[in-house]
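# Prediction below, plus the sequence it came from.
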Amino acid sequence: LGVYSELAAARMKGTGTENYGGPIVTAGGLVFIGATNFDRKFRAIDKRSGRLLWEMTLPLAGNATAITYEVGGKQYAAIYATGGKGRRNDPSGGIYVAFVLP
């Protein structure tokens, strides 16, 4: 899972990257996963088809397992983005990033 930018620039697709963190699956069949170390994407994937439905670049790599929760009748997916496991000069820190589901 993921894209390593140097390999993508060399027109190598589907190589994947190191992953740190696991997926979660909602009752509606959405798989949420960050985990990709180098492209910093947070993705929603259809459980049945495997099709990528949505992705967003996080401020730091999402090297954690996401969570889902409900507040006020709205469902959210959130991940703790920490970075720091990539290349030597990649930024690290810590920030929670949450998304409301439609």
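It's in.
# what residue is smack in the middle of the chain?
residue 34 (1.9 Å; C-alpha atoms, centre = their mean).
# so what's that one closest to, chain neighbours aside?
residue 62 (2.3 Å; C-beta to C-beta, 6 or more residues apart in numbering). The way it works is simple: take the backbone N, C-alpha and C, and place the C-beta from them, glycine included.
# picking that back up, mind listing what the residue nearest to the centre of the chain touches?
21, 41-43, 58, 61-64, 66, 79, 81 (C-beta atoms under 8 Å, 6 or more residues apart in numbering).
# what's the answer for residue 18, then?
2, 36-38, 85.
# Show me just the buried residues among those.
2, 36-38 (16 or more other C-beta atoms under 10 Å).
# quick check, nearest of these to residue 75?
residue 36 (23.1 Å; C-beta to C-beta).
# where do the helices sit along the chain?
Per DSSP state H, the chain carries helices over the ranges 5-9.
# Could you list the low-pLDDT ranges of it?
Applying pLDDT under 70 to the chain flags residues 84-88, 90.
# quick one: the strands in the protein?
24-25, 30-33, 41-46, 52-57, 67-71, 74-83, 92-100 (DSSP state E).
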